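Asks: Provided below are the primary sequence and the corresponding predicted coordinates.
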Amino acid sequence: MVKTDHPIYNLQFGLVCLSSLLFSASFNMLIPELPAYLSSIGGAEYKGLIIALFTLTAGISRPFSGRLTDTLGRVPVMAVGSIVCFVCGFLYPVLGTVSGFLFLRLIHGFSTGFKPTATAAYVADIVPRERWGEALGFHGLCFSTGLAIGPAIGSTIKLAFSLNALFYTSSLFALMSIVILMNMKETLNIKHRFSLSILKISRRDIIAVEVLPAAVVTFLSYIAYGAILTLIPDWGEHLGIINKGLFFMVFTVASLIIRFVSGKASDKYGRIHVINTGLILLVTSLLIVGYADTFAGLMLGAAVYGVATGILSPALNAWTVDMSHPEYRGKAMATMYIALEAGIGVGALFSGWYYQDVIARIPLIMYVSAGITVIALAYMAFRPKVNDEQQAEIIS
């Protein structure tokens, strides 16, 4: 076994964390301004597709990114994700129609279909298994920092300059992420040359059945996130919040703070206890957001939501790695991310379909999302326990 004093906080780890921070800021800085932009070009009824289309291609591309991660290497697959963000940022101002915008959202989703899958495998490669929770938690902290500064920077640029300036800034952040990736050392020992045969995907390549418990919980818990991404900009504006990125900044800062301890907690106390705690807090946060009728109430909901996701995310990532086979780590992470994207997509589609620009419907959507999260808690209580002993051996 690798010694626990292995220096995980080295140059390689720092580079992958910085690249992820810039990448997450790149695509997420657009989110608060996109609903209003879509309405301005005549597509108000398609707001649910802003997130749903993005997550659709992200989910579809996961089996391919997982396979490519396990064959071509981690770094090239990470680069593909950042390159997609770079290109799309420049094309949003060019394709200014509703159909053009929706097409770009579809293409933009390939970015998160590729980069996070390869990144998680890369981190697991360079860190000893008994510290996966800590390392993935710290990486998630950096990714979440991008999620926090992205919306705040995006809305500020939109207010101070223009929407086009926001799109170009998104491309700039993606470009910086690419430059960092060019200086990273590949960790896959046995690499293959690219060929079209690599892209042939069978049913066995799509889902890693050994990590399905983590995938189920991920799917159910991220339905709420799809609803929040779709509705919070309008809900915040209704409650008098001028900067639409403020909610996202508050919940992400709260997520950042808790991640300093949540990853280590899952290593020490076990993934199951930490995941259950996160789910309970997630239910609480959604009830607060739905009930909130003031600025302070919404910010409280954002903070609790941030704590919940800051606890859940590293624990679910580490639980997935625990149950995965080392040689198929890319496929395992792709399975978890397919579930994540599917949850976000379902939440966005449902909320957009029911919302229809009727503000009074938002609280009910949040309550339904809370109910779905309760189902995740029930699944954790009654799921098959076959993987628990294996997990205990890994983290002990």
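Replies: Great, that's in hand. Computed from a prediction, not measured in an experiment: that's the story for all the values here.

Asks: And the helix or strand harbouring R105, what does it pack against?
Replies: Using DSSP states H and E, R105 maps to helix 98-126. Judged by 3 or more CB pairs under 8 Å, 6 or more residues apart in numbering; DSSP states H and E, helix 98-126 is in contact with helix 11-28, helix 34-40, helix 47-71, helix 74-91, helix 132-160, helix 295-323, helix 329-355. C-beta here means a position set from N, CA and C on the backbone, and glycine is covered the same way.

Asks: swap the cut-off to 10 Å and go again
Replies: helix 11-28, helix 34-40, helix 47-71, helix 74-91, helix 132-160, helix 163-181, helix 295-323, helix 329-355 (3 or more CB pairs under 10 Å, 6 or more residues apart in numbering; DSSP states H and E).

Asks: how far does it sit from the chain's center?
Replies: 10 Å (CA atoms, centre = their mean, to the nearest Å).

Asks: Equivalent analysis for stretch 96-106, please.
Replies: For stretch 96-106, the separation from the chain centroid amounts to 22 Å (computed by CA atoms, centre = their mean).

Asks: average pLDDT for it?
Replies: When pLDDT is averaged over stretch 96-106, the result is 87.

Asks: Point out where the stretch 101-250 of the chain drops to low pLDDT.
Replies: Where the stretch 101-250 of the chain drops to pLDDT under 70, the residues are 129, 132, 190-206, 243-245.

Asks: scratch that, the stretch 251-396 of the chain is what I was asking about
Replies: Along the stretch 251-396 of the chain, the parts satisfying pLDDT under 70 run over 326-327, 329, 385-396.

Asks: now do 80
Replies: 252, 256, 259-270, 321, 323-331, 333-334, 337, 341, 356-357, 383-396 (pLDDT under 80).

Asks: buried ones in whatever helix or strand V368 lives in?
Replies: Under the criterion of DSSP H and E, V368 resides in helix 362-382. Using 16 or more other CB atoms under 10 Å as the test for burial, helix 362-382 gives I362, P363, I365, M366, V368, S369, A370, I372, T373, A376, L377, M380.

Asks: Kindly report the same for stretch 252-271.
Replies: Judged by neighbour count using 16+ other CB under 10 Å, the buried positions of stretch 252-271 are 252-259, 262-267, 270-271.

Asks: swap in stretch 85-105?
Replies: For stretch 85-105, burial by neighbour count (16+ other CB under 10 Å) applies to C85, F86, C88, G89, L91, Y92, V98, F101, L102, L104, R105.

Asks: Just the terminal-to-terminal distance for it.
Replies: One end of stretch 85-105 sits 11 Å from the other (CA to CA, to the nearest Å).

Asks: among the helices and strands packed on helix 98-126, which is nearest H238?
Replies: helix 295-323 (9.7 Å; CB to CB).

Asks: Next one: the closest residue to I338 other than its chain neighbours from T119, what distance?
Replies: Residue nearest to I338 in three dimensions, not counting chain neighbours: R62, with 4.4 Å by CB to CB, 6 or more residues apart in numbering. Going from R62 to T119 by CB to CB, to the nearest Å gives 13 Å.
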